[in-house]
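Engineer: Provided below for reference: sequence and predicted model.
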Amino acid sequence: TGHFTLDPGFTSTGSCESQITFIDGEKGVLLHRGYPIDQLAEKSDFLEVCYLLLNGELPTAAELSEYKHTITNHTMIHTQFDRFFDGFRRDAHPMAIVTGAIGALSAFYHDSLDINNPQHRLISAHRLIAKMPTIAARAHKYSIGQPFISPRNDLGYAANFLRMCFAVPAEDYQVQEVMARAMDRIFILHADHEQNASTSTVRLAGSSGANPFACMAAGIACLWGPSHGGANEAALTMLQEIGTVDRIPEYIARAKDKSDPFRLMGFGHRVYKNYDPRATVMQKTCHEVLDAVGAHNDPLLQVAVELERIALEDPYFVEKKLYPNIDFYSGITLKAMGFPTEMFTVLFALARTVGWVAQWQEMIEDPTQRIGRPRQIYTGAAKRDYLPVNKR
Ligand code: CMC
């Protein structure tokens, strides 16, 4: 089988060296550039975390204000780009729109796509982080048939995004502080997660020298699947399907039954064999948002809390070290904030964009970087002679 080893799912292969994110899955630890995720979620804000991920250090006050100013100045998208959205069916899934739109940005900015030029890389990074909320909000507005709302640059990143999603022309719309804070925290929690499937996809796409917008589109496409970014949507759908607390045992039994493909969505993780540290913050944010909208008696929350309690005591989940992951509570929170389930994975993509950009940039700047090219163990037919069609 040659001098390489078979490692399906890459469970024992390190694909790169990185200084961005550290995870200790056994202990449930997640650090960005050394800073614990709970401290960042509690004390920082999303754009500061973006700066940290991209630059390696927390910004000074002057650096932060300049960075925020730069991002704010890139939030607009060209009106010509709006026509791109019109090509989609009126009820298109927003993830389909966002996957296409981010790739299409490379058609708009082809004058600054030299990946070996640090200035080009920088401006692409700014554009991606700044325009993603505008594009995500347009995907939402388009799919519900409402007019687009332009970015308002006097607002913070999360508040501006919420306004673009929920404001309606000619009607007053005030972003509630608790919602803006929750949105910002959800963005922080999703910002990066080392070599997960979508980030590895971005790195692999980028290793060929593809432009950053094309690489991000590849990452978004990968994120869409229910085992990855699609899990928040799947987790909420599951909670809705369970519906009432008395039906939980039936679903727990199904999750344990190996002849049934059903899995408890929002449970388990390739790396965390302990409580996902992001889930702890997410659970708190969930309660804050539900309190703010007066939905703490939401039956979905009751199902979630009870499901978590039962699963954490069940020998199957205990032995396999299956704990709630970030997606377990994010769906309920996003629903309470007013997002339709179709938008959940888009929100994940929006937040993860910075992680993808930071990882892409780190890879491009690494002098040892080569094209990613895994090998395989061939198990097909041995060499044989071609047979004409009348002899087969
Ligand atoms: N419900 C029931 N059983 C499970 C679950 C689950 N959610 N997750 C894993 N298992 C079982 C699995 O059947 C297997 O059992 P056995 O060893 O008897 O065959 C064992 O646990 C190990 O599972 P695996 O599929 O080999 O583990 P993996 O590391 O390949 O998969 C995972 C990780 C996250 C895809 C998986 O746990 C899963 O499908 N979870 C549900 C989807 C989900 O919540 N995904 C979000 C992940 S966090 C956000 C993100 O990364 O995007």
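Structural biologist: Great, that's in hand. In this text the structure is predicted, and so the values were computed from the model without any measurement.
Engineer: So which residues make contact with stretch 88-99?
Structural biologist: With C-beta atoms under 8 Å, 6 or more residues apart in numbering as the contact definition, stretch 88-99 has outside contacts at 85, 100, 135-136, 138-140, 142-143, 145, 217, 220-221, 224, 342-343, 345-346, 349. For the C-beta atoms, the positions are set from N, CA and C on the backbone; glycine is no exception.
Engineer: For that stretch, C-alpha coordinates in CSV please.
Structural biologist: Coordinates of each C-alpha in stretch 88-99 appear next as CSV, following Å, rounded to 0.1, in the frame of the first residue of the first chain:
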residue,chain,number,x,y,z
PHE,A,88,-32.5,32.6,-7.9
ARG,A,89,-36.0,31.2,-7.5
ARG,A,90,-38.0,33.3,-5.1
ASP,A,91,-38.0,30.7,-2.3
ALA,A,92,-34.3,29.7,-2.7
HIS,A,93,-32.6,28.3,0.4
PRO,A,94,-30.4,31.2,1.7
MET,A,95,-27.4,28.9,1.9
ALA,A,96,-27.7,28.3,-1.9
ILE,A,97,-27.7,32.0,-2.4
VAL,A,98,-24.8,32.7,-0.1
THR,A,99,-22.6,29.9,-1.5
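Engineer: residues near the residue in the stretch 151-300 of the chain that the ligand sits nearest to, how many?
Structural biologist: Of the stretch 151-300 of the chain, the residue with the smallest distance to the ligand, taken as C-beta to the nearest ligand atom, is residue 268 at 2.5 Å. Residue 268 is flanked by 21 other residues according to other C-beta atoms under 10 Å.
Engineer: Which residue is the nearest non-sequential neighbour of it?
Structural biologist: The spatial neighbour of residue 268 that comes closest, neighbours along the chain excluded (C-beta to C-beta, 6 or more residues apart in numbering), is residue 322 at 4.3 Å.
Engineer: Do I have it right that the one you found meets residue 308?
Structural biologist: No: Residue 322 is not in contact with residue 308 according to C-beta atoms under 8 Å; the separation is 11.1 Å.
Engineer: if we can go back for a sec, show me which of the contacts of stretch 88-99 are buried.
Structural biologist: Taking 16 or more other C-beta atoms under 10 Å as the criterion, what is buried in those is 85, 100, 135-136, 138-140, 142-143, 217, 220-221, 224, 342-343, 345-346, 349.
Engineer: Now do the buried residues in stretch 313-330.
Structural biologist: Residues of stretch 313-330 classed as buried by neighbour count (16+ other C-beta under 10 Å): 314, 317, 322-330.
Engineer: got a list of contacts for it?
Structural biologist: Surrounding stretch 313-330, the residues in contact under the criterion C-beta under 8 Å, 6+ apart are 28, 186, 189-190, 231-232, 234-235, 252, 255-256, 264-269, 272-276, 278-279, 282-283, 285-286, 304, 308, 311-312, 344.
Engineer: try 7 Å this time
Structural biologist: In this structure, residues lying in contact with stretch 313-330 by C-beta atoms under 7 Å, 6 or more residues apart in numbering are 186, 189, 231-232, 235, 252, 256, 266-269, 272-276, 278-279, 282-283, 286, 304, 308, 311.
Engineer: distance between the ends of that stretch?
Structural biologist: 22 Å (C-alpha to C-alpha, to the nearest Å).
Engineer: Could you pull up the mean pLDDT of that stretch?
Structural biologist: Per-residue pLDDT values over stretch 313-330 give a mean of 92.
Engineer: Same check on stretch 270-286?
Structural biologist: According to the model, stretch 270-286 has a mean pLDDT of 92.
Engineer: remind me which residues of the chain are low pLDDT?
Structural biologist: Across the chain, residues meeting the criterion (pLDDT under 70) sit at 1-2.
Engineer: Any idea which residue is closest to the centre of it?
Structural biologist: Averaging the C-alpha coordinates of the chain gives a centre point, and the residue nearest to it by C-alpha atoms, centre = their mean is residue 348 (3.0 Å).
Engineer: Could you grab the helix/strand/coil label for that one?
Structural biologist: Reducing the assignment at residue 348 to three states with DSSP: H, G, I helix; E, B strand; the rest coil gives helix.
Engineer: What of residue 23?
Structural biologist: Secondary structure, three-state DSSP: residue 23 is strand.
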